[in-house]
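Asks: make a model of this:
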Amino acid sequence: MIDEVFFSQKLELNPEIIKSNKSYDTILIGSSSLAIEIIYQLAILSNLSEQNILNLYIIDSQAKKFYAKLKKLFTGIEKIPHLNILTIELETESKEFYANEIWMKEDLTSIIIATQNKKKDLEITMNLQKNTLIKAQILSNISLKNKELESIAKLINYLYREIKYNPNLLFTEQNKNEAQKLWLEKASTEDKKSSKMQSLHIDTKLLALGLKKQKSTKSPKELLKINKKIFDKKLGFREIDDQKLQEYAQKFYDSKNHFKPIYFPKKFESLFEKLIRSEHNRWNTYHHLNGWVYSKNKDKKLKYHDCLMPLEKFDKDHLKTTIIFDIYAVVYIPNILASAGIELYIAGE
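Replies: Just a heads-up that it's a prediction; the model follows:
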């Protein structure tokens, strides 16, 4: 597996899809190692707030064989409820490739070309633009490097290990160094991968809020003020305020989960609740892809986890208390980005 990230800033979805529960379609051309990593990341990124179904079409001369390989690599990939993988066996050099009706699908959002042959990828891109009436974005010549992702992942990893809830949290140089030390000396490979995938999904959450991000030269303190103001405005009503969340965090860290949860979503109707759910779905997807299975008896060595199910099925208090991690993944976005020198802004402005 290629342990880098290319994708989130390039993935654009129609706002109508983001706000609805409509399914949408993406095409992946190729069966390379790059294509494998793209599918892995697409599965993570496509956990949307409305739980939309992603129909992912793999087009390749050996598409079925490639999908069989995927199922061996990611043993739980077919357990991911929002991901529907379909295969179409076509030679990219054939007339049938460009004549296929797939290019005219109404809800086609993206075409990703990943044969890992740059010349071939460019030829396919040019021929698609010339010979079809595609409205979807075409992504090719893909880069997998993203240093920003790892720096944010380090902060996320540190956040869950050391810090109780603080709405004004900012990472100083001192605790950034502590986060770096924790990352290098104590974080397992599993912890690092998980934190990177949570970092990757920030852009999906921002899509739901109608927000984007950009690097800034402003101070972290100034960025936090800007980020929180715009984030809170777009998030709207939050069912658990800062005071209640601080109380929740205190009990969680002091009592080792043995308390009645102060807050747990009931209907997942507000945007805040839907983002919490999308984060848990993202967590589920990550674990399915990495070979974890549900079990009432949690065992990390065997990759058994009692939380590996939809939030709607959490019926025990000790399970419901863990929602604090999903809440953190939402409410700490302004803080984490500000600490990384990133400013939020409203998409289209």
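
Asks: switch to C-alpha atoms for all contacts and neighbour counts from now on
Replies: Noted.

Asks: residues in contact with stretch 309-326?
Replies: For stretch 309-326, the external contacting residues (C-alpha atoms under 8 Å, 6 or more residues apart in numbering) are 160, 248-249, 252, 257-261, 264, 276-277, 279-281, 284, 294, 306-307.

Asks: again, 7 Å this time
Replies: Stretch 309-326 is touched from outside by 257-258, 260-261, 264, 276-277, 279-281, 284, 307, with contacts defined as C-alpha atoms under 7 Å, 6 or more residues apart in numbering.

Asks: what of stretch 270-290?
Replies: For stretch 270-290, the surrounding residues in contact (C-alpha under 7 Å, 6+ apart) are 43-44, 47-50, 74-77, 79-80, 205, 235, 238, 265, 268, 308-311, 326-327, 329-330.

Asks: list buried residues within those residues.
Replies: Buried subset of the contacts of stretch 270-290 (neighbour count, 16 or more other C-alpha atoms under 10 Å): 43-44, 47-50, 74-77, 80, 205, 235, 265, 268, 308-309, 311, 326-327, 329-330.

Asks: any idea which helix or strand comes after the host helix or strand of K181?
Replies: Assessed by DSSP states H and E, K181 sits inside helix 173-185. Per DSSP H and E, the first helix or strand lying C-terminal to helix 173-185 is helix 189-209.

Asks: check the offset of that following helix from the chain's centre.
Replies: Helix 189-209 sits 5 Å away from the centroid of its parent chain (C-alpha atoms, centre = their mean, to the nearest Å).

Asks: same check on stretch 300-316?
Replies: Shown here is stretch 300-316, whose average C-alpha point lies 19 Å from the average C-alpha point of the whole chain (C-alpha atoms, centre = their mean).

Asks: try stretch 61-76
Replies: For stretch 61-76, the separation from the chain centroid amounts to 22 Å (computed by C-alpha atoms, centre = their mean).

Asks: could I get the buried residue list for it?
Replies: Using 16+ other C-alpha under 10 Å, the residues of stretch 61-76 that count as buried are 61-64, 66-67, 70, 74-76.

Asks: shaky segments in the stretch 201-349 of the chain?
Replies: Within the stretch 201-349 of the chain, the stretches with pLDDT under 70 are 256-257.

Asks: which stretches of it form strands?
Replies: Taking DSSP state E, counting those that start in this stretch as the criterion, the stretch 201-349 of the chain carries its strands at 211-215, 293-294, 304-305, 342-346.

Asks: as JSON lines, these with mean neighbour count and distance to A136 would be great.
Replies: Converted to JSON lines, those look like this (neighbours: other C-alpha atoms under 10 Å; distance: least, C-alpha to C-alpha, whole Å):
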{"stretch": "strand 211-215", "mean neighbour count": "16", "distance to A136": "20"}
{"stretch": "strand 293-294", "mean neighbour count": "18", "distance to A136": "36"}
{"stretch": "strand 304-305", "mean neighbour count": "18", "distance to A136": "38"}
{"stretch": "strand 342-346", "mean neighbour count": "21", "distance to A136": "23"}
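
Asks: okay, these in JSON lines with distance to I27 next?
Replies: Compiled in JSON lines, those are given as follows (distance: least, C-alpha to C-alpha, whole Å):
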{"stretch": "strand 211-215", "distance to I27": "24"}
{"stretch": "strand 293-294", "distance to I27": "28"}
{"stretch": "strand 304-305", "distance to I27": "32"}
{"stretch": "strand 342-346", "distance to I27": "28"}
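
Asks: looking at these, spot the one closest to E16.
Replies: When these are ranked by proximity to E16, the top entry is strand 211-215, at 14.8 Å, counting by C-alpha to C-alpha.

Asks: what packs against that closest one?
Replies: The elements that strand 211-215 packs onto, with contact taken as 3 or more C-alpha pairs under 7 Å, 6 or more residues apart in numbering; DSSP states H and E, are strand 342-346.

Asks: can you tell me which helices and strands the strand it packs on packs against?
Replies: For strand 342-346, the packing partners by 3+ C-alpha pairs under 7 Å, 6+ apart come out as strand 211-215, helix 220-235.
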